[in-house]
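Engineer: predicted model and sequence below, questions to follow.
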Amino acid sequence: MGKRKKVKKEDVKLNRMLKMSFIICLISGIIALVLILGKGKVFGKSIIKISSNEEDTHTIEIVAQDLYLMKEQSTQLKVLIDGKEVTEGYEITVEKPDIFSLEGNTVTALAVGSSVISVKSTDYNIEAKTNIDVIIPITKLTLTAEMYNIALGDTVSTFYQLRPTDAVAILSYESSDETIATVDNEGKVKSISKGTVTITATDEITGKTATCKINIK
């Protein structure tokens, strides 16, 4: 059997100290590298990354009560920063002052057209926009159908006419009896069972309505 080499206690202590020094230097180097690359601060054992881009940490939103107005009508604007409604810390501007006047958070329609309404935070480098239209309202609404008599299981389209022709309407549709026929957002009617059903189109801006009857045989 070979002889074991005798190790002195002083050598063991020296090796341990060298290893410990190496580990400490390695950890210090890693932390320094993280701080340089991540632009962070060390608090205890946590590395907190600090973002220089404020848009990553703050949001702003502008909400109009109405997106379609008629001349001389007004609507209120609501501003939210970081999801909470605020009454200060921002500036609102109107892109086309000939279309809208602005007083506080109220915009009033002056002429037919469209304009962007912007809000910018005075505390953060963030902004938001919305678009509001001033329209010509309808004076008359007419609803007709591709066919007024259809077979069970068939589908038929309805068509609307506006007066004046350059007016704007937002239409919704309703069936008088969905067990007989249903109608979708485009005014397309699908028969379900035999009978007669009335389809109603309503302009959500003026409240004007028009109807037509469909017979399912």
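Structural biologist: Cool, the structure landed. Residues are numbered from 1 along each chain as shown.
Engineer: how about the contacts made by residue 92?
Structural biologist: 62, 77, 79, 102, 105, 117, 118, 119 (C-beta atoms under 8 Å, 6 or more residues apart in numbering). To be clear about C-beta, it is placed using only N, CA and C from the backbone, and glycine gets the same treatment.
Engineer: among those, who's most crowded?
Structural biologist: Counting neighbours by other C-beta atoms under 10 Å, the top entry in the contacts of residue 92 is residue 119, with 23 neighbours.
Engineer: where do the helices of this structure begin and end?
Structural biologist: According to DSSP state H, the chain carries its helices in the segments 9-38.
Engineer: against residue 104, how distant is the spatially most central residue of the chain?
Structural biologist: For the chain, the residue sitting closest to the mean C-alpha position, by C-alpha atoms, centre = their mean, is residue 61 at 8.9 Å. Using C-beta to C-beta, to the nearest Å, one obtains 18 Å as the distance from residue 61 to residue 104.
Engineer: again with residue 74
Structural biologist: To residue 104, residue 74 is 11 Å away according to C-beta to C-beta.
Engineer: before we move on, what about residue 207?
Structural biologist: Separation of residue 207 from residue 104 (C-beta to C-beta) stands at 28 Å.
Engineer: can you check residue 203 too?
Structural biologist: 30 Å.
Engineer: what pLDDT does the model give the residue nearest to residue 167 when sequence neighbours are not counted?
Structural biologist: Leaving aside its chain neighbours, residue 167 sits nearest to residue 138 (4.3 Å; criterion: C-beta to C-beta, 6 or more residues apart in numbering). Looking at residue 138, its pLDDT reads 95.
Engineer: cool, residue 156 as well?
Structural biologist: Reading off the model, residue 156 has pLDDT 96.
Engineer: check residue 195 too.
Structural biologist: The per-residue pLDDT reported for residue 195 equals 97.
Engineer: and what of residue 1?
Structural biologist: Looking at residue 1, its pLDDT is 42.
Engineer: quick one: low-confidence ranges for this protein?
Structural biologist: Applying pLDDT under 70 to the chain flags the ranges 1-56.
Engineer: right, I'll leave it there.
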